[in-house]
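Chemist: Only the shape, not the letters, is given here:
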C-alpha cells in the first residue's frame, strides 16, 4: 500500500518504516506496554499504555530525528544540523546528532523549561535561546540554516521523520497483535501519520484516533477545509502538541489514514496526567497524557483492545506541581473557596472545627480583616482544602452554609 507525500518526496510506504526500524536497532528502545486496570474497567475492554515516556530522551522524538540525520549525505553531515524546539524534538536531535557524530545547533524559546534546556546541552547540542514564541524561534533556526548551510531538521514535516515515528506502530502490532484501536496525540501530525502508515498497511481494520488539545486543535478545521489551516492562536499546557498548523506531509497521511480526531480540554488533560501518576505510576507530560484524557472523557467510544500512546514524559517539575493541583481540582479533590465570618475571638477556630467535622483537610488559610469591602465586624477567609471527590466538595460547602457561613465560591 502506497501513500502519496506532497512536494518532491517519493511516496511513503511500509518498507520505509521497516527500514527505519532496522536503522534504529540498538539506538531507540523498544518501549514497554503496560496494562491499565482502571482504564480497562472504564472502557469495558483491555487498555494498554505504550510507554514512549520511557524512551531515550523521554519521548518518541529520537526515532524520527535519528532516521532523518542518518539519511544525510556526508557533505550535509559536515555542515551540521539545526533545529527549533521547546523541548522534546530538541533533545531528540541533540542525542541523535551526538550518536552520529554530527554537530548540532538547537534554538529554543526564551521561556523554555530549564531542565529541557540543560538536557539538550548535555546531549551535545549548542543551544541558543531566542524568541518568546515558537514562530520566532523557528525563524531564527531557519535563518541560521540559510546563513551557515546547516541542514534544518523539521520536527514533523519530512518523510524520514514520519518513517522513524512510524516504528512505534510496528512495535504496537508486535506487542499487542489483537489491538483494535490506537489512540495517539497529534500536534503537527508526524507520530500519528507514521503510526497510521505502518498499522494500516498491515492491519487496515485497526481504528486510529488522534487527540488534540482543544486550545491547539489545528486538525479539525484543516480536515474540514481539505488542506492545512493555521490557527490564529494556540493556548494549552500540552506544549508537545502545541502546534498551530498541521504539517503538509503529515496532514495528507492523517487525512487519508486516521479514522478520527478528537479534542480534549485542559481539565481533562490534567486529570489524565494525575491518573497516569497515581494509577499507572507513570510520569507523563500533558501531551503524552492526551490519549488517556480522550479515554476518560468518552470511555465507551473506543473499541478494545485499546493502545494509548504515552508519547513523552518530559515535564518541568514546577509545571507538574501546577498541573497536579489543577488535576486534583478537576477531579473534585481540591477545593478553593472564600467565605465571610464575624471577626471575633475564636471565630477562625470554630470555622476550622466545622471543616474538621466535614472531614476536609485544610492546606492553606488566608485571613483578611482589613479591607474596604468588609464591614466593621467582618473578616474574609480564603481556604484551600483537600477533599475526596466532587460529592465531598458539595458536602463541605453545604456544611459551611448550614453553620451560618456566607460561602462566596
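Modeler: Here it is on my side, so go on. Note that the structure is a prediction, hence the values are computed from the model and not measured.

Chemist: Every contact and neighbour count from this point should use C-alpha atoms.
Modeler: Fine.

Chemist: A helix includes residue 220, no?
Modeler: Yes - under DSSP: H, G, I helix; E, B strand; the rest coil, residue 220 sits within a helix.

Chemist: Which helix or which strand is home to the spatially closest residue to it that is not a sequence neighbour?
Modeler: Nearest residue to residue 220, sequence neighbours excluded (C-alpha to C-alpha, 6 or more residues apart in numbering): residue 261, at 6.9 Å. Per DSSP states H and E, residue 261 falls inside strand 260-264.

Chemist: and the next helix or strand after that strand, how far from the chain's centre?
Modeler: Counting by DSSP H and E, the next helix or strand C-terminal to strand 260-264 is helix 266-279. Relative to the centre of its chain, helix 266-279 is centred 11 Å away, using C-alpha atoms, centre = their mean, to the nearest Å.

Chemist: Pull out the buried residues from helix 266-279.
Modeler: For helix 266-279, the buried set under the neighbour-count rule, 16 or more other C-alpha atoms under 10 Å, comprises 266, 267, 268, 269, 270, 271, 272, 273, 274, 275, 276.

Chemist: biggest separation within those residues, which pair?
Modeler: 266 and 276 (15.4 Å; C-alpha to C-alpha).

Chemist: Which residue ranges of the stretch 101-250 of the chain form strands?
Modeler: Using DSSP state E, counting those that start in this stretch, the strands of the stretch 101-250 of the chain run over residues 104-108, 126-129, 151-152, 181-185, 207-213.

Chemist: who touches the first one?
Modeler: Defining contact as C-alpha atoms under 8 Å, 6 or more residues apart in numbering, one finds that strand 104-108 is touched by 80-87, 90, 93-94, 97-98, 117, 124-131, 134, 137-138, 140-141.

Chemist: The residues you listed, buried ones only, as a PyMOL selection?
Modeler: Remark: buried members of the contacts of strand 104-108, expressed as a PyMOL selection using 16+ other C-alpha under 10 Å:
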select buried, resi 80+81+82+83+84+85+86+87+90+93+94+97+117+124+125+127+128+129+130+131+134+137+138+140+141
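
Chemist: Just the ones in helices from the contacts of strand 104-108, please.
Modeler: Of the contacts of strand 104-108, the ones assigned to helices by DSSP state H are 90, 93, 94, 97, 98, 117, 134, 137, 138, 140, 141.

Chemist: Those into CSV, with extra columns for distance to residue 223?
Modeler: Formatted as CSV, the ones in helices among the contacts of strand 104-108 follow (distance: C-alpha to C-alpha, whole Å):
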residue, distance to residue 223
90, 28
93, 30
94, 33
97, 35
98, 38
117, 34
134, 23
137, 27
138, 25
140, 30
141, 29
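
Chemist: helix or strand right after the lowest-mean-pLDDT helix or strand in the chain?
Modeler: Among the helices and strands of the chain, strand 2-3 carries the lowest confidence by mean pLDDT, DSSP states H and E, at a mean of 45. Helices and strands here follow DSSP H and E; after strand 2-3, the next one along the chain is strand 12-13.

Chemist: could you show me where the strands are in the stretch 251-400 of the chain, in order?
Modeler: 260-264, 306-310, 334-342, 361-368, 378-386.
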